[in-house]
Structure formats: structure tokens, C-alpha cells
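Chemist: Based on what follows, work out the 3D shape:
(one chain, ligands or ions: 1)
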Amino acid sequence: VRVLLTGGNGFLASHILDLLLARGHSVVTTVRSHEKAEQIRERYPYTSTTHLEVILVPDFTSPGAFDECFKSDALFDVVMHTASPFRYSITDIQQELLDPAIIGTIALLRAAQKNAPSIQKVIVTSSFASIINSYKANCWVDHIYSEEDWNPIIPSDAHLNPLNGYRASKTFAERACWEFHKRENPPFSLVTLCPTLMFGPVIHPLCNLDELNTSNQRIRNFMAGEYKAEMPDTGTSFFLWIDVRDAAMAHIKAMETSGVVNERFLLTAGYFCNKEICEVIREFFPEYRPQLPEQGAGGGGYPNKGLYGFDNSRATNKLGLTYRTLSASITDTVMSLQKLQTWD
Ligand code: NDP
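Modeler: Below is the predicted model of the structure:
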């Protein structure tokens, strides 16, 4: 299968790229700079350009941004759109979060429709951010989240803070995809995947740990002693997680399973809290014990009132997804961060 993968240098996309190449698919991937293109090529020194091509798409919001991708002679069968800003340290929510996510996604769908009649499926990485109800946060105890749920966040609230901005960027981008698909009736099917918070080994190129992707930062912070005085609440984000390798596999299964069309999937292995992450690090990495909050210290647990439920049966059954344990995921993440620290 010939795949167009956006943002091939990202935390999740690097795992997807590894899997695609290992399974014999051929990939054209986009990045935003020459440096990142070179870093990807260096990761696969023995892969020919017929199997891996890296293309520069510096700005998703500029007109004709994706034209370059469709100039190659080889026809794409599948598009996987993973690239989207996931950062909270931003100053302009519209320009840095909403526009690249929403305009970028629709521009890619339009370009696919216009230039590549061979495309059979477009798979878009959305997020649990587009499922969770931003107004109920973690308190909706009697609710079971599933693919039926949509975050009801309204555009004006997107601008209140970066967390809202990010959640709105994912919600509006995914909604725009489904609206486009319904309105335009393109020749390809659409699948959206909604992963919960992803932990897991970092295999993507980073110049230093300050560039670490957002969802792994709390693990780095535990290792660096930043939570020693006080364990932070888990509740500023979700209490649901998945290992990045399992989320990457979901993208592959969504692509390879012919019956998977025009559906959205909630991806989660289950609940986690900061205290559990801390205890995994304490148990398996004694060298970090001095940096961690005291054993038995308060904070970082589950809310006393209980939590919402979740239903991940669609991904489990239709994608045949299996899930790594939190302990395995955190252990592998810590080991990968240790390797990065040595060349910091
Ligand atoms: P990363 O930050 O590691 O990767 C994001 C990718 O998107 C990078 O290739 C990045 O390029 C690209 N990107 C960021 N901003 C822009 C922009 N303005 N224009 C074009 N490209 C951009 O994040 P993840 O791998 O964690 O995220 C991948 C996808 O998964 C995203 O769609 C995210 O929303 C989603 N997701 C992530 C979760 C998580 O916990 N990590 C949970 C649920 C969903 P560059 O390197 O040049 O910045």
C-alpha cells in the first residue's frame, strides 16, 4: 500500500512510520523543515526512496500547501493525517492551534479529493479531546464515554486557555472532516481515531529534552524531580491513556482492515493517575527515588467522587487492538528518555 503520512517526525507518527515500513508499505511523509527531513532519512539509511520519501510542507495554512505531495507519479492508496499542534506553551490560540488543525485537515482532504482519485481511505488522528465533555471535565461520574460523544465546546471558549484551545482544535478539525465527507461524498472512506493521552518510548528525533512531546512531559518531570515537593493533580487532563505503540498499531489496523470504513474509534487502555506513574518509576528505577514525591504522599490519585466510564469495545473488536500495561509503557518511556539524556 502507498501511504501519505503527515508529520512523520512526530512522537506518534514515528511509530506509525516504523510499522508501515516494517510491513512493506511505501510511504511519502511530510515535515516542516529540511532539518527534520534529514533526521528522518538518517533513521532509515537502508530504505530506498521508492519506499520512503520525505516532502517539505512548511505551512498547512498556506494556499496549495499539499500540492507538492501529489506531484509524485506513484499513486496513493491511503492518507494518514497525524500532524497537528499539541502544545500548551503558545501565545496565539487561533494561529498556533486552531488554524493549522482545522484549515490543515480540510486542505488535505480537498487536495486528496482533487489530485488523487486512487485514494481509498483517509485516516485522521483526532483525540479523546474531541470526545470528552470540556464542561463536565472529570466529574461526569455516571457517564460512559464512547464514539457517540462529541465535546460540546463552543468556539468562543476555545480562546479561554491553551487547554481549551487544543481540545477545540481537535474537536472542530474532526467535525470538519465528517462534514466534508458528508457534503462532498469523495471517493475515499474516512476513519478518525481518537487516542487518549499517549505515553511510550520516544523514537522520534529530538535535539534536546525541552522538545519532548507534550504527553510524555509528566514522566520527564517525575525523573527530573519537578514533582518532588508536590504530586500534581492528574485531573487537568484525562484519566485515560494508551501506549503510543498501540495507538500506532490502531492506525495500521484501520488501514489494513478493509471493512473499517466511515467510523470513529476511541482508543484507550484504561485509567491512569499520576500516583500510579510515580509508583512504577519508584519500583523499577531506584536511581530516581530521591527525585520522587515521598511514598504515600497525598495528591495525584483518582477523584474521591469517582470517574466517568469508557467503552473501548469498538477498537478492541473491529481493530483487534490489544493494550500494553501502564507499567510496561512507563518503564519503556523512562528507558527511552534515559537514552536521550545521555546526548543532551
Ligand atoms: P508531536 O508534537 O510529537 O507531533 C506533532 C506533529 O505535528 C509533528 O510532526 C509536528 O511538526 C506537527 N505539527 C505541529 N504543529 C504543526 C503546525 N502548525 N503545522 C503543521 N504541522 C504541525 O505530537 P504527537 O505525536 O503526540 O501528536 C500526534 C497527533 O496525535 C496529533 O494530531 C495530536 O493531536 C494527536 N493526539 C496526541 C495525543 C498525545 O497524548 N500525545 C493524544 C491524542 C491525540 P513539528 O515537529 O515541525 O512541530
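Chemist: who in the stretch 101-250 of the chain is up against the ligand?
Modeler: Residues of the stretch 101-250 of the chain found near the ligand (Cβ under 6 Å from any ligand atom) are 104, 125, 127, 170, 195, 197, 198, 213, 215. No exception for glycine: its C-beta is placed from N, CA and C like everyone else's.
Chemist: Return the entry from the residues you listed with the maximum number of neighbours.
Modeler: residue 125 (29 neighbours; other Cβ atoms under 10 Å).
Chemist: quick one, phi psi at it?
Modeler: Backbone torsions for residue 125, taken as degrees, to the nearest 10, come to phi -80, psi 110.
Chemist: now could you export just the CA positions of stretch 71-79 as PDB?
Modeler: Output of stretch 71-79 as PDB, limited to C-alpha atoms (Å, rounded to 0.1, in the frame of the first residue of the first chain):
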ATOM      1  CA  LYS A  71       3.200  15.700  -7.700                       C
ATOM      2  CA  SER A  72       4.900  12.300  -7.400                       C
ATOM      3  CA  ASP A  73       4.000   9.700 -10.000                       C
ATOM      4  CA  ALA A  74       3.200   6.900  -7.600                       C
ATOM      5  CA  LEU A  75      -0.500   6.900  -6.700                       C
ATOM      6  CA  PHE A  76      -1.500   7.000  -3.100                       C
ATOM      7  CA  ASP A  77      -3.900   4.400  -1.700                       C
ATOM      8  CA  VAL A  78      -4.200   5.800   1.800                       C
ATOM      9  CA  VAL A  79      -3.700   9.200   3.600                       C
END
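Chemist: Show me where the chain has its strands.
Modeler: Ranges of strands in the chain, per DSSP state E, are 2-6, 26-31, 52-56, 78-81, 121-125, 144-145, 189-195, 197-199, 240-243, 263-267, 270-271, 309-310.
Chemist: Please name the spatially closest residue to residue 290 (chain neighbours excluded).
Modeler: Spatial nearest neighbour of residue 290, excluding adjacent residues (Cβ to Cβ, 6 or more residues apart in numbering): residue 225 at 7.6 Å.
Chemist: any idea how far the closest residue to the ligand within the stretch 151-300 of the chain lies from residue 294?
Modeler: As assessed by Cβ to the nearest ligand atom, the ligand sits closest to residue 215 within the stretch 151-300 of the chain, at 3.1 Å. Distance, residue 215 to residue 294, by Cβ to Cβ, to the nearest Å: 26 Å.
Chemist: Mind putting the strands of the chain into JSON lines with mean pLDDT?
Modeler: Below are the strands of the chain laid out as JSON lines (pLDDT from 0 to 100):
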{"stretch": "strand 2-6", "mean pLDDT": "97"}
{"stretch": "strand 26-31", "mean pLDDT": "96"}
{"stretch": "strand 52-56", "mean pLDDT": "95"}
{"stretch": "strand 78-81", "mean pLDDT": "98"}
{"stretch": "strand 121-125", "mean pLDDT": "98"}
{"stretch": "strand 144-145", "mean pLDDT": "96"}
{"stretch": "strand 189-195", "mean pLDDT": "98"}
{"stretch": "strand 197-199", "mean pLDDT": "97"}
{"stretch": "strand 240-243", "mean pLDDT": "97"}
{"stretch": "strand 263-267", "mean pLDDT": "98"}
{"stretch": "strand 270-271", "mean pLDDT": "96"}
{"stretch": "strand 309-310", "mean pLDDT": "96"}
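Chemist: So for residue 284, which of these sits nearest?
Modeler: Counting by Cβ to Cβ, residue 284 lies closest to strand 197-199 out of those; the figure is 14.2 Å.
Chemist: Which strands or helices does the closest one pack on?
Modeler: strand 240-243, helix 244-256, helix 326-342 (3 or more Cβ pairs under 8 Å, 6 or more residues apart in numbering; DSSP states H and E).
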